[in-house]
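Enquirer: Provided below for reference: sequence and predicted model.
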Amino acid sequence: MTDGADTSTPQSGPRLGRLVTAMVTAFADDGSLDLDGVRRLATELVDDQANDALVVNGTTGESPTTTEDEKFATVTATLEAVGDRATIIAGVGSFDTAHTVRMARRAADVGAHALLVVTPYYSKPVQQGIEAHFRAVADATDLPVMVYDIPGRTGVPIAPETLVSLAEHPNIVAVKDAKGDIVSSSAVMAATDLDYYAGDDAITLPLLSVGGVGVVGTSTHFTGRGMRELIDAALANDWAHALEVHRRWLPAFTGVFAAPGCCMVKAGLELAGRGVGPVRLPMVAPDDAVVREFLAKVHTAAQG
């Protein structure tokens, strides 16, 4: 696990890490949970792809179709595999505050290091409800909380004023930013101590340039070493090199979303000989041609 320092300097790093992958959940061929596959993939992402943190049970982990017991078995298996050298962030968000609080407490009980909490989705609460939701979850445990702002999926953005207010809570320490409004994000960073993570792989460099600390990635199942090079160059103020790395890897950063992220990652891992099983309906595997095109982009970028 990364250290607990509150600063975001290159020497100590943000408290939840810098290179974070939203990990897919391994299933057996029959669709059941594959805990050996979970451990294997977690180890690979940390040891081979240079991640210092993992999100478990995010949308990329197919959280809408896994049971609570499966979710926490996955957290436990990930902790067993890499919890001594990576921050394990448990996704616990839902549209029901009471359910999210229960999930947060269970995540703490099994030893998760931090929580990822998405804006309540579908019901589109007003900002007062959004703030009350996050505060209730943050009050439920002592774990640090990463707020997930993704209005394209939840139906409602977290307003800048709400984020500034939430930053006053000692347990709310970070934002996974998939809002697509870098001006708004920059203003919140200027007004708070929140650690901002790109929630879209391709905006990592732009976000770093205005004060972001890292990424919660999807393509980073394959592009981790390239993303690490980009982040390290930015932290060293070598913006020319960071831009070169960004441009080289950009086709892969965006190509992973030619299909839903969990589908592309799982199909790509299978074709790359790193298979972790199928997706569960309503997700379906993308066409092989789409996956091979993505993997070709990864290969081209890796060759420099």
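Expert: Looks like it came in fine.
Enquirer: could you list every residue that touches the closest residue to residue 261 other than its chain neighbours?
Expert: Excluding its sequence neighbours, the residue lying closest to residue 261 (Cβ to Cβ, 6 or more residues apart in numbering) is residue 218, at 4.2 Å. Where C-beta positions appear, they are placed from N, C-alpha and C, glycine not excepted. Shown in contact with residue 218 (Cβ atoms under 8 Å, 6 or more residues apart in numbering): 21-22, 60, 201, 256-257, 261, 264-265.
Enquirer: quickly note the distance from residue 218 to residue 260.
Expert: Separation of residue 218 from residue 260 (Cβ to Cβ, to the nearest Å): 10 Å.
Enquirer: need the contacts of residue 218 in a markdown table with neighbour count and secondary structure, can you?
Expert: Output for the contacts of residue 218, formatted as a markdown table (neighbours: other Cβ atoms under 10 Å; DSSP: H, G, I helix; E, B strand; the rest coil):
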| residue | neighbour count | secondary structure |
| --- | --- | --- |
| 21 | 32 | strand |
| 22 | 27 | strand |
| 60 | 26 | helix |
| 201 | 23 | helix |
| 256 | 28 | helix |
| 257 | 15 | helix |
| 261 | 22 | helix |
| 264 | 27 | helix |
| 265 | 29 | helix |
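Enquirer: could I get those residues as TSV with distance to residue 44 and pLDDT?
Expert: Formatted as TSV, the contacts of residue 218 follow (distance: Cβ to Cβ, whole Å; pLDDT from 0 to 100):
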residue	distance to residue 44	pLDDT
21	10	98
22	15	98
60	16	98
201	18	98
256	17	98
257	21	98
261	18	97
264	17	98
265	12	98
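Enquirer: so which of these comes closest to residue 163?
Expert: Using Cβ to Cβ, residue 22 comes nearest to residue 163 of the contacts of residue 218, at 20.5 Å.
Enquirer: partners of whichever strand or helix holds residue 173, with directions?
Expert: Using DSSP states H and E, residue 173 falls within strand 172-177. Partners of strand 172-177 in the sheet, by DSSP bridges, are strand 145-149 (parallel), strand 195-198 (parallel).
Enquirer: ok, and what's touching it?
Expert: Strand 172-177 is contacted from outside by 6, 14-16, 116, 134, 138, 144-150, 163, 166, 185, 188, 193-199, 203, 207, 212-213, 216, using Cβ under 8 Å, 6+ apart.
Enquirer: name only those of these that count as buried.
Expert: 14-16, 116, 134, 138, 144-150, 163, 166, 185, 188, 194-199, 203, 207, 212-213, 216 (16 or more other Cβ atoms under 10 Å).
Enquirer: who's the most centrally placed residue in the chain bridged to?
Expert: Nearest to the mean C-alpha position of the chain, by Cα atoms, centre = their mean, lies residue 216 at 3.4 Å. Beta-bridge pairing for residue 216 (DSSP bridges): residue 20.
Enquirer: begin at 24 from here
Expert: New numbering, starting at 24: the last item is residue 239.
Enquirer: please tell me how far it sits from residue 274.
Expert: Note on residue 239: its distance to residue 274, by Cβ to Cβ, is 20 Å.
Enquirer: what of residue 128?
Expert: Noted for residue 128: a distance of 42 Å to residue 274, by Cβ to Cβ.
Enquirer: the strands in this structure, which residues?
Expert: Secondary structure of the chain by DSSP state E: the strands cover 42-45, 76-79, 110-114, 137-141, 168-172, 195-200, 218-221, 237-240.
Enquirer: list the contacts of the closest residue to residue 99 other than its chain neighbours.
Expert: Residue nearest to residue 99 in three dimensions, not counting chain neighbours: residue 133, with 5.2 Å by Cβ to Cβ, 6+ apart. If you count contacts by Cβ under 8 Å, 6+ apart, residue 133 has them with 95, 98-99, 102.
Enquirer: change it to 10 Å
Expert: When the contact criterion is Cβ atoms under 10 Å, 6 or more residues apart in numbering, the partners of residue 133 are 94-99, 102, 111, 113.
Enquirer: which residues does residue 292 contact?
Expert: For residue 292, the contacting residues are 47, 49, 60, 64, 67, 244-245, 298-300, 314, 318, by Cβ under 10 Å, 6+ apart.
Enquirer: would you map the helices across the stretch 224-327 of the chain?
Expert: Assigned by DSSP state H, counting those that start in this stretch, the stretch 224-327 of the chain shows helices spanning 227-232, 243-258, 262-278, 284-294, 311-325.
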